[in-house]
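*Asks:* Structure for this input, please:
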Amino acid sequence: MPDSISENVGGRSAPRVSLIIPVKDEEDNVVELVDEIEAALSGISHETIFIDDGSTDSTLSKIEALRQDCHSIRVIKLKRNWGKSTAMMIGFDAARAPVCITMDGDLQDDPAEIPAFLEKMDEGFDLVCGKRDKRRDGIAKRWPSKVYNQLSRWILKTELKDMNCGFKAYDTELARRLNLYGDMHRYVPILSNMKGALITEMDVNHRPRRHGTSKYGAKRIMRGIFDLFTVGFLLSFLERPLHFFGRIGIVFCLAGTAIGGYLVVLKYTAGAAIGDRPLLLLSILLVTTGVQMFMLGLFGEAFVYRSHERPALDMLGKEL
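*Replies:* Numbers count the residues shown, from 1 in each chain. Below is the predicted model of the structure:
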């Protein structure tokens, strides 16, 4: 998390929706974006929270100029680039509305879709995910995203078609309970599902980038794949660590025992010397490592148990 944050907040009553928009070097887009937001949300009380994530151009100064005439705008400036996940978490904490909507600041997300998001939230959903039916990006972004979505559906057992779309509506309380870091913002639906959220998906209009350059690169592809396996592990074994480490331990122990058994048979049937064989060392290593993995799983189970243990009522207070 950043060391310090400067925030400009007006003392107004809670709005209907908080728009959370992380921006970095979007000086050519913010003016047009604010105009479209104000047109789309005419008659709907709202606040637009821009999170300046270490911009090096005039993005921040343009937002501050817009704020002089548009009092629904709030600005949070980060001291350096912390990444989208951190920017979103800061926005969720700052939001004053019961519903948050995240969108990108590059004009590819269409603000005209916001009322439709609010209608879906009124139906009782905790999270509404945008699905870009006709994505307006180059092939260098579309194909990696398509492969990533296929992997996500296979590993995470999700039916969502577009996990990577940042255009989403959240129940604010749910959003604040999410633990986003690194590139974990990509897995908001999975993390929300782990907390029991009611989730749906809706088609949204996606537009080509008009100004500036994409922040998407090869490094993000690799980070996204690693985070995919992290979320898969959390989804399957967060509260059952022994099921993960125990399986590995059992495999190692069985392999070590099988190798040891082979050497014993070899010794007593063929009279072969086994004391200096590398296989003997491998057998001992596998069995020892297997026991350690199993014990690690048990320690994990103990930690999970204690973290879920309810304190006695008299430690918290007493009934009057």
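*Asks:* Break the chain down into its domains, please.
*Replies:* Domain assignment for the chain, taken from automatic domain parsing, gives 5-237, 241-307.
*Asks:* Lys79: how many residues sit nearby?
*Replies:* If you count neighbours by other CB atoms under 10 Å, Lys79 ends up with 11. Glycine gets a C-beta too; all of them are placed from N, C-alpha and C.
*Asks:* how about the helices in this structure?
*Replies:* Listed in chain order, the helices of the chain (DSSP state H) span 30-40, 59-69, 84-94, 114-122, 139-156, 172-177, 188-194, 218-237, 241-270, 278-308, 313-316.
*Asks:* okay, these in TSV with mean neighbour count next?
*Replies:* TSV is the format used below for the helices of the chain (neighbours: other CB atoms under 10 Å):
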stretch	mean neighbour count
helix 30-40	17
helix 59-69	16
helix 84-94	22
helix 114-122	17
helix 139-156	15
helix 172-177	17
helix 188-194	21
helix 218-237	15
helix 241-270	15
helix 278-308	15
helix 313-316	8
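*Asks:* Any chance of the ones you listed in a markdown table with distance to Asp52 and mean pLDDT as columns?
*Replies:* Below are the helices of the chain laid out as a markdown table (distance: least, CB to CB, whole Å; pLDDT from 0 to 100):
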| stretch | distance to Asp52 | mean pLDDT |
| --- | --- | --- |
| helix 30-40 | 10 | 95 |
| helix 59-69 | 5 | 93 |
| helix 84-94 | 9 | 93 |
| helix 114-122 | 21 | 96 |
| helix 139-156 | 24 | 68 |
| helix 172-177 | 20 | 94 |
| helix 188-194 | 22 | 87 |
| helix 218-237 | 20 | 72 |
| helix 241-270 | 39 | 91 |
| helix 278-308 | 36 | 86 |
| helix 313-316 | 41 | 46 |
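*Asks:* Of these, give the one that comes closest to Glu201.
*Replies:* Each of these has some distance to Glu201 by CB to CB; the shortest is helix 188-194, at 8.4 Å.
*Asks:* Show me what that closest one is packed up against.
*Replies:* strand 127-132, strand 168-171, strand 199-204, helix 218-237 (3 or more CB pairs under 8 Å, 6 or more residues apart in numbering; DSSP states H and E).
*Asks:* okay, those in TSV with distance to Ile101 next?
*Replies:* What follows is the helices and strands packed on helix 188-194, written out as TSV (distance: least, CB to CB, whole Å):
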stretch	distance to Ile101
strand 127-132	9
strand 168-171	5
strand 199-204	11
helix 218-237	23
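*Asks:* next one: stretch 253-266 to chain centre, how far?
*Replies:* Distance of stretch 253-266 from the chain centroid (CA atoms, centre = their mean, to the nearest Å) equals 44 Å.
*Asks:* For that stretch, list the C-alpha coordinates in CSV.
*Replies:* The C-alpha coordinates for stretch 253-266 follow below in CSV (Å, rounded to 0.1, in the frame of the first residue of the first chain):
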residue,chain,number,x,y,z
CYS,A,253,6.3,-41.2,0.6
LEU,A,254,4.9,-43.8,-1.7
ALA,A,255,7.6,-43.2,-4.3
GLY,A,256,10.3,-43.3,-1.7
THR,A,257,8.9,-46.5,-0.1
ALA,A,258,8.6,-48.2,-3.5
ILE,A,259,12.2,-47.4,-4.3
GLY,A,260,13.3,-48.6,-0.8
GLY,A,261,11.3,-51.8,-1.3
TYR,A,262,12.9,-52.4,-4.6
LEU,A,263,16.4,-52.1,-3.1
VAL,A,264,15.4,-54.4,-0.2
VAL,A,265,14.2,-57.1,-2.7
LEU,A,266,17.4,-56.6,-4.7
